[in-house]
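Asks: Okay, predicted coordinates and the sequence, questions at the end:
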Amino acid sequence: AIRMQKRAQILYDEISREAGRILRIKREHPFLQKYELEAFLDAGNDPVAMAKNNRTYREPRPIEALLELWLGWGLLSNPVTHMVNMISNSVTSWVLNAEMLLAAGLSPNRRTEFKIASAYVSHGVLESGMDALMALKNAYVTEEEFGGLGKFDARYKAFSSKGLRLDENSKFGALIDTKIAPGVRIPFRLLMGQDAYFKTKLFQRWLRMEAARHVYEKNPNMSEVQAQQEINRFFKEELLGKWKKGERMPAPQKKMVDRAYDHALYGTFNKENGIIGQSLQGIASAHPLLRLVFPFIRTPMNILSFAF
């Protein structure tokens, strides 16, 4: 009887939590259709899925539309902003190289760790350059962030006839959606493309390091020539090749890819924030005027985390 009571209590708690989530989502997004609400519920606590749903389904507000206009044609239209972003991503990449080598030098198994870190550092422009350029192009064209998260964490594509509460079938509404809004989003798309370029390089660097760790730990006595051949094979066929084709991977390789995604987001300051950052994002989402003071939240919080 006591066990049954405990099970009933656990079930009651789960139902209460799920009901609370539904009420919170309905309160934050009152105009969701049934399939849209299901998408929010299916996302669970996955930050990438939650961000995608927030951008895709939530009805934009006029204040968010005007905010996007200000950010696009005001803050992000300055070329200096994009130069700073590219320089900071480049510098961070070199800092990560130094971190890898320093960590290897402090490791008890220094010799092997140096070989693994070297796989990360030596994976340069030629190996990932074309893929990085393609990722830049895809992000600009599709307006989708590599890894699902980017520097802009407010409502995206809010500047539209729907966001401005205009009839999308009217001439002015159609003009907004087909001519003006795409122009407003160009600076955002440039920012996405820049980050996608660096994310791709960091992603592939980490995958190559994972391949090196896999080979050296599995065959510690393998000759260096054989090790390099096996690293190249495992990296190209078992990791990068399958990821590009969207093929199903064994659990260990899937974890390697997940860690590479996390590293790419970390190295471009796009990683999902902790409790404090998420709380600030929630406050800014509820009160969009705060975005005039804090236009970006995820990136500054990530920079603080990276520095300290």
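Replies: Cool, the structure landed.
Asks: which residue packs closest to Arg165, ignoring adjacent ones?
Replies: Spatial nearest neighbour of Arg165, excluding adjacent residues (C-beta to C-beta, 6 or more residues apart in numbering): Pro62 at 6.0 Å. (C-beta placed from N, C-alpha, C; glycine too.)
Asks: isn't Leu136 right next to Phe198, touching?
Replies: No: look at Leu136 against Phe198 with C-beta atoms under 8 Å: they stay out of range, at 9.2 Å.
Asks: How far does the lengthiest helix in the chain sit from its chain's centre?
Replies: Taking DSSP state H as the criterion, the chain has its longest helix at helix 186-218. When distances are taken as C-alpha atoms, centre = their mean, to the nearest Å, helix 186-218 is centred 12 Å away from the chain's centroid.
Asks: More neighbours: which of Leu136 and Phe198?
Replies: Phe198 (24 against 21; other C-beta atoms under 10 Å).
Asks: Return the per-residue confidence for that one.
Replies: Model confidence at Phe198, given as pLDDT, is 93.
Asks: who touches the closest residue to it other than its chain neighbours in this structure?
Replies: Take Phe198 and drop its neighbours on the chain: the residue closest to it by C-beta to C-beta, 6+ apart is Asn89, 4.2 Å away. Counting by C-beta atoms under 8 Å, 6 or more residues apart in numbering, Asn89 makes contact with Gln194, Asp195, Phe198, Gly267, Thr268.
Asks: quick one: the helix or strand in which Asn89 is found to helix 186-218, angle?
Replies: Using DSSP states H and E, Asn89 sits in helix 79-106. Interaxial angle, helix 79-106 versus helix 186-218 (axes from the mean of the first three to the mean of the last three C-alpha atoms, to 10 degrees): 10 degrees.
Asks: what's the offset of the next helix or strand after helix 79-106 from the middle of its chain?
Replies: Where DSSP H and E defines the elements, the next helix or strand beyond helix 79-106 is helix 110-122. Put simply, helix 110-122 sits 26 Å off its chain's centre (C-alpha atoms, centre = their mean).
Asks: Between helix 79-106 and helix 110-122, find me the angle.
Replies: Going by the same axes, to 10 degrees, helix 110-122 makes 160 degrees with helix 79-106.
Asks: mind listing what's buried in the helix or strand in which Lys254 is found?
Replies: Assigned by DSSP H and E, Lys254 belongs to helix 251-267. For helix 251-267, the neighbour count (16 or more other C-beta atoms under 10 Å) marks Gln253, Met256, Val257, Ala260, Tyr261, His263, Ala264, Leu265, Tyr266, Gly267 as buried.
Asks: Could you count how many residues lie near the closest residue to the fourth one other than its chain neighbours?
Replies: Counting by C-beta to C-beta, 6+ apart, Ala260 lies nearest to Trp206, which is 4.0 Å off, once chain neighbours are set aside. Residue neighbour count, defined by other C-beta under 10 Å, stands at 26 for Trp206.
Asks: List the residues that contact Trp206.
Replies: Applying C-beta under 8 Å, 6+ apart to Trp206 gives the contacts Tyr120, Arg259, Ala260, His263, Ala264.
Asks: ok so, going back, contacts for whichever helix or strand comes after the helix holding Lys254, please.
Replies: Downstream of helix 251-267, the next assigned helix or strand under DSSP H and E is helix 275-286. Residues outside helix 275-286 that contact it (C-beta under 8 Å, 6+ apart): Glu28, Asp153, Ala154, Arg155, Glu272, Asn273, Leu290, Arg291, Phe294, Ile297, Arg298, Met301.
Asks: coming back round to it: looking at the contacts of Asn89, which is nearest Ile116?
Replies: Checking these against Ile116 with C-beta to C-beta, the nearest one is Gly267 at 17.5 Å.
Asks: contacting residues for the nearest residue to that closest one once chain neighbours are set aside?
Replies: Leaving aside its chain neighbours, Gly267 sits nearest to Leu202 (4.3 Å; criterion: C-beta to C-beta, 6+ apart). Residues in contact with Leu202 (C-beta under 8 Å, 6+ apart) are Ser93, Leu96, Ala260, His263, Ala264, Gly267, Thr268.
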